[in-house]
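Trainee: Let's see this in three dimensions:
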Amino acid sequence: MMEFIALNLAPIMFASLVIFLILGYPVAFALAANGLVFFFIGVELAPLSGGSITLDWPLLNTLPNRIWGVMSNETLLAIPFFTFMGIVLERSGMAEDLLDTIGQLFGPIRGGVAYAVILVGALLAATTGVVAASVIAMGLISLPIMLRYGYDRRVAAGTIAASGTLAQIVPPSLVLIVLADQLGRSVGDMYHGAILPALILTGLYMVYIFLLSIFRPNAVPALPPEVRTLGRGVKSLLVAMVALMAIGYGAHVWLYPTHGTNADILGAVVGVLVIYGYTLADKMLGLNTMSRLAQQVIFVLIPPLALIFLVLGTIFIGLATPTEAGAMGAVGALVLAFMKRRLKFTVITQALAATTRLSAFVMFILIGARVFSLTFYGVNGHVWVEHLLTSVPGGEYGFLFVVNLVLFVLGFFLDFFELVFIIVPLIIPAADALGIDLIWLGVILAMNMQTSFLTPPFGFALFYLRSVAPKSRYKDTVTGKLEDPVRTDQIYAGSIPFIMIQLFMVVMVIVFPQLVLHYKAPVVDPSTVTIEMPALQPLGGGLGGLGQPGALGGGLGAPAALQPEGGAAAPAPGGLGTPPALQPGGLGQPPAALQAPATGD
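Mentor: Numbers count the residues shown, from 1 in each chain. Below is the predicted model:
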């Protein structure tokens, strides 16, 4: 019996961890306790394992170094920076301004407020990277408006919750940071790989709303004219957008010879700055060449776009690392809050407290995971998992199917941090053995874990929305009418279509890996490379440019005792002069006394 336990200690250890988590023990302490308890068991059973258990008491001495490796990881510094940035922006009122302005812009069309929620969710994701901040802000601002003007409660709840979860996949997502750290890959490469799938997912959300506006128009009505306070002026905005694209393209063409592939980002920056400057001058000088709607959209959109460039643009053009970009983003968030006159001491203290809590949460889980992995690797658990996953039929697609199925199911019960720190390290060896690109795998896993925020009964985005959605009948502050509450089952039902969209996107990324693999530089075929060596010039006449020692009158010159009578010697041929004994002839020849006699005819 003891031999059986010794030979199967890895699966027993993993099963006990799952039981601890199901029972509700804190993840960090469940990981560390499992690691230490099974370390003791493994050491005692090592003689019965036939060499499969390699644990010994001195191995515990490596724990301080493993923990120090976690604490000194500079990549993880990005987590508190981005968290602080997100909370400050949420307190600065940026979400309110974005939702109000974009809602006015799309208000005349069916589903306009839903489109605004999705776009603002993407913008907040690209600036804050925090799901809770996005869902709560949009739930407080947009949900009452959507309910007031007749939106289906399930559609409204699902749109807000799903748009908030875009913070999981849109860079600078915290999920992508910890995934890159666990996979041992660059955070910048992970951001490059995730940006296109994230944009496509945002587009699919909008396509869903568009289809609803066609087949169920009453579920997503347009805003009535009396609430569109910014009036008309879409033509003026379109002209400004065309001008922005023209200026950006011209700047791109101008900058491309000197900046290469970075010219597209820099060109866009030039276009945005020019349009923003013109709009500011138009308003300050009273030129009135732009509509009020166009001015408001530009003034509200440019600051978050500038912050996005400060964070993502500097990473993509290689100007800053993700950690440095996070620090600049935190400073940028403070500047935006100051410009809106909402930078108060209470805002900073709340942001610091929330950042400290999240950072401590992540660090404790990481330390527990280090203790667990020390023992799990010592009982050859990684070998067991690798054999288990590589033996799945279907090769890499079979592996991806099983891994995504397991993560999807676990996402009903576990947070994404727990999934990343527990499951991802176990599947890396199998992915390497199958030759799977780890950035591609990371984006697939991030897309999958995004669903964990929407899957009942423990989806965090659903709980965030539940905390701000009305739980009983209430009187609308604008219309004065009594409105029905939003029930929990309506929130759950509204999330299901968006879960299906996310799973469809996971399949798309698996089937079309180039959506992610575009981050790689073009592969160079060595057989097509030609190396040309420059032609070597003959040395003749001394050392040429460098010359040889010679007289003072000819460069460095020869010692005075060696100079001929009659004053300074003429410069020797070949640059700085040559010693008299070595003149003439190339690098010099031996004195005449040592030269071979000339042969007669």
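
Trainee: mind pulling up the phi and psi values for Glu483?
Mentor: Here is the backbone geometry of Glu483 (degrees, to the nearest 10): phi -110, psi 150.

Trainee: check contacts around it.
Mentor: Listed by C-beta atoms under 8 Å, 6 or more residues apart in numbering, the contact partners of Glu483 are 147-148, 470, 473-476. Every C-beta, even on glycine, is put in place using the N, C-alpha and C of the backbone.

Trainee: And for Leu410?
Mentor: Counting by C-beta under 8 Å, 6+ apart, Leu410 has contacts 419, 423, 452.

Trainee: With distance to Phe372, neighbour count and secondary structure added, can I get those in a markdown table?
Mentor: Formatted as a markdown table, those follow (distance: C-beta to C-beta, whole Å; neighbours: other C-beta atoms under 10 Å; DSSP: H, G, I helix; E, B strand; the rest coil):
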| residue | distance to Phe372 | neighbour count | secondary structure |
| --- | --- | --- | --- |
| Leu419 | 14 | 22 | helix |
| Ile423 | 12 | 18 | coil |
| Ser452 | 21 | 25 | helix |
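
Trainee: Let me know the closest of the residues you listed to Leu273.
Mentor: Ser452 (39.5 Å; C-beta to C-beta).

Trainee: Can you tell me how far the closest one is from Val409?
Mentor: Distance check for Ser452 against Val409: by C-beta to C-beta, to the nearest Å, it reads 10 Å.

Trainee: what's the answer for Gln450, then?
Mentor: 15 Å.

Trainee: ok, Val385 touching Ala433?
Mentor: No. Look at Val385 against Ala433 with C-beta atoms under 8 Å: they stay out of range, at 11.0 Å.

Trainee: just to revisit the earlier point, scan the contacts of Glu483 and report the most crowded one.
Mentor: Leu147 (21 neighbours; other C-beta atoms under 10 Å).

Trainee: Could I get the contacting residues of it?
Mentor: By C-beta under 8 Å, 6+ apart, the neighbours of Leu147 are 153, 156, 470, 476, 483, 486.

Trainee: again, but for Pro485
Mentor: So Pro485 contacts 469-474 (C-beta under 8 Å, 6+ apart).

Trainee: Between those, which sits nearest Tyr492?
Mentor: Ala469 (12.1 Å).

Trainee: What's the local residue count around Pro513?
Mentor: 17.

Trainee: ditto for Phe4
Mentor: Neighbour tally, Phe4, other C-beta under 10 Å: 10.

Trainee: Alpha carbons only: can I get whichever strand or helix holds it in CSV?
Mentor: Phe4 belongs to helix 2-7 when elements are defined using DSSP states H and E. Below are the C-alpha coordinates for helix 2-7, written out as CSV (Å, rounded to 0.1, in the frame of the first residue of the first chain):
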residue,chain,number,x,y,z
MET,A,2,2.8,2.4,0.9
GLU,A,3,4.6,1.6,-2.3
PHE,A,4,1.4,2.4,-4.3
ILE,A,5,1.2,5.8,-2.5
ALA,A,6,4.8,6.5,-3.1
LEU,A,7,4.5,5.7,-6.9
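
Trainee: for Tyr474, phi and psi?
Mentor: According to degrees, to the nearest 10, Tyr474 has phi -140, psi 160.

Trainee: Ala6 against Leu48, yeah?
Mentor: Yes. With contact defined as C-beta under 8 Å, Ala6 reaches Leu48; the gap is 4.3 Å.

Trainee: Tell me which of these two has more neighbours.
Mentor: A direct count of neighbours by other C-beta under 10 Å for Ala6 and Leu48 places Ala6 higher, at 21 against 14.

Trainee: quick one, what contacts that one?
Mentor: Per C-beta under 8 Å, 6+ apart, neighbours of Ala6: 45-46, 48-50, 52-53.

Trainee: Swap in 7 Å and give it another go.
Mentor: 45, 48-49, 53 (C-beta atoms under 7 Å, 6 or more residues apart in numbering).

Trainee: Show the buried residues in those.
Mentor: 45, 49, 53 (16 or more other C-beta atoms under 10 Å).

Trainee: And Thr528, how close does it get to Gly193?
Mentor: 27 Å.

Trainee: Nearest spatial neighbour of Tyr464, chain-adjacent residues omitted?
Mentor: Val135 (4.1 Å; C-beta to C-beta, 6 or more residues apart in numbering).

Trainee: and the host helix or strand of that neighbour, how far from the chain's centre?
Mentor: Per DSSP H and E: Val135 is located in helix 131-148. How far helix 131-148 lies from its chain's middle: 25 Å, per C-alpha atoms, centre = their mean, to the nearest Å.

Trainee: circling back to that earlier point, ok, the contacts of Glu483 vs Leu293, which is closest?
Mentor: For the contacts of Glu483, with Leu293 as the reference and C-beta to C-beta as the criterion, the closest is Arg148, at 21.6 Å.

Trainee: and the closest residue to the closest one other than its chain neighbours, how far is that from Pro221?
Mentor: Among residues not flanking Arg148 along the chain, Asp476 sits closest, at 5.6 Å (C-beta to C-beta, 6+ apart). Going from Asp476 to Pro221 by C-beta to C-beta gives 16 Å.

Trainee: so where do the helices sit in the stretch 301-450 of the chain?
Mentor: Using DSSP state H, counting those that start in this stretch, the helices of the stretch 301-450 of the chain run over residues 314-316, 322-339, 345-378, 381-390, 395-410, 416-422, 424-433, 438-450.

Trainee: Give me the buried positions along stretch 248-264.
Mentor: Under the neighbour-count criterion of 16+ other C-beta under 10 Å, stretch 248-264 has 248, 251-252, 255, 262-264 buried.

Trainee: hang on, the earlier thing: which of the contacts of Pro485 has the weakest pLDDT?
Mentor: Taken together, those show their lowest pLDDT at Tyr474, with 79.

Trainee: any idea how far Pro513 is from that residue?
Mentor: From Tyr474 to Pro513 the distance is 49 Å (C-beta to C-beta).

Trainee: same check, this time on Ile439
Mentor: For Ile439 relative to Pro513 (C-beta to C-beta), the value is 10 Å.

Trainee: Could you report the neighbour count for Leu89?
Mentor: 28.

Trainee: and the gap between it and Gln104?
Mentor: 21 Å.

Trainee: same deal with Gly121?
Mentor: Taking C-beta to C-beta, one finds Gly121 at 17 Å from Gln104.

Trainee: can you check Val170 too?
Mentor: Taking C-beta to C-beta, one finds Val170 at 24 Å from Gln104.

Trainee: The two: which is more packed in?
Mentor: Val170 (28 against 21).

Trainee: That one contacts Leu124, correct?
Mentor: No. Between Val170 and Leu124 there is no contact under C-beta atoms under 7 Å: 9.0 Å.

Trainee: Could you list the alpha-carbon positions for stretch 366-377 in PDB?
Mentor: This file holds the C-alpha atoms of stretch 366-377, laid out as PDB (Å, rounded to 0.1, in the frame of the first residue of the first chain):
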ATOM      1  CA  LEU A 366       3.100  33.300  -5.900                       C
ATOM      2  CA  ILE A 367       5.000  32.300  -2.700                       C
ATOM      3  CA  GLY A 368       2.600  29.500  -2.000                       C
ATOM      4  CA  ALA A 369       2.900  28.300  -5.600                       C
ATOM      5  CA  ARG A 370       6.700  28.300  -5.200                       C
ATOM      6  CA  VAL A 371       6.400  26.000  -2.100                       C
ATOM      7  CA  PHE A 372       3.900  23.800  -3.900                       C
ATOM      8  CA  SER A 373       6.000  23.500  -7.100                       C
ATOM      9  CA  LEU A 374       9.200  22.600  -5.100                       C
ATOM     10  CA  THR A 375       7.500  19.500  -3.700                       C
ATOM     11  CA  PHE A 376       5.400  18.800  -6.900                       C
ATOM     12  CA  TYR A 377       8.500  18.700  -9.100                       C
END
